[in-house]
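**Q** Let me see the structure of the following:
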Amino acid sequence: DVQLVESGGGLVQPGGSLQLSCATSGFPFDDYPIGWFRQVPGKDREGVACSSSDGSIYYAASVQGRFTLSRDNAKKLVYLQMNNLKPEDTAVYYCATDERFVDCGIQMKYWGKGTPVTVSA
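**A** Now for the predicted structure:
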């Protein structure tokens, strides 16, 4: 079974940093796209960063230059390093994957349960 488990969320002050991790199992890690998404209660889930199956990595404009996605293929882990965090980054963060796509999207089939991030003074 495909499994994704996020960790690393928490409370951080504006301007601070957090690193999220997504532990994966049950699929050929090297071949699938993996994305990070976030959702605020009452709002639509939005894409944050994507590692596509062709090796490209891209980011939402709102996090470009502050967030970095990386993959450890040996450990089947995906990281999201978040720097210079802002209150508007507060959300539950999810990782997701799906063998049907090259790129990421909210229509992906497999999701973790999420890890909450709160940016507040």
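
**Q** How about L69, nearest residue that isn't a chain neighbour?
**A** A49 (4.1 Å; Cβ to Cβ, 6 or more residues apart in numbering). For the C-beta atoms, the positions are set from N, CA and C on the backbone; glycine is no exception.

**Q** next one: L4
**A** L4 sits nearest to G112 (Cβ to Cβ, 6+ apart), 3.8 Å away.

**Q** Thought V92 was touching the one you found, still the case?
**A** No. Counting by Cβ atoms under 8 Å, G112 stays clear of V92, with 10.2 Å between them.

**Q** what separates the residue most central in space within the chain from R66, distance-wise?
**A** Compute the mean C-alpha point of the chain, and by Cα atoms, centre = their mean the closest residue is W36, 2.2 Å away. According to Cβ to Cβ, to the nearest Å, W36 and R66 sit 13 Å apart.

**Q** Repeat that for R38.
**A** 13 Å.

**Q** Comparing the two, which residue is more hemmed in?
**A** The neighbour count for R38 versus R66, taken as other Cβ atoms under 10 Å, is higher for R38 (24 against 15).

**Q** all strands in the protein, in order from the N-terminus.
**A** 3-7, 10-12, 18-25, 34-39, 46-51, 57-59, 67-72, 77-82, 91-97, 110-111, 115-119 (DSSP state E).

**Q** Show me the beta-bridge partners of W111.
**A** With DSSP bridges as the criterion, W111 is bridged to A96.

**Q** so who does A121 touch?
**A** Residues counted as contacts of A121 (Cβ atoms under 8 Å, 6 or more residues apart in numbering) are 13-14.

**Q** From P14, how far out is it?
**A** Plainly put, A121 is 6 Å away from P14 if you go by Cβ to Cβ.

**Q** L20 now?
**A** Between L20 and P14 the computed distance is 18 Å (Cβ to Cβ).

**Q** Pick out whichever of these two has more residues nearby.
**A** Between L20 and P14, L20 has the larger neighbour count (other Cβ under 10 Å), namely 24 against 13.

**Q** Right, I'll leave it there.
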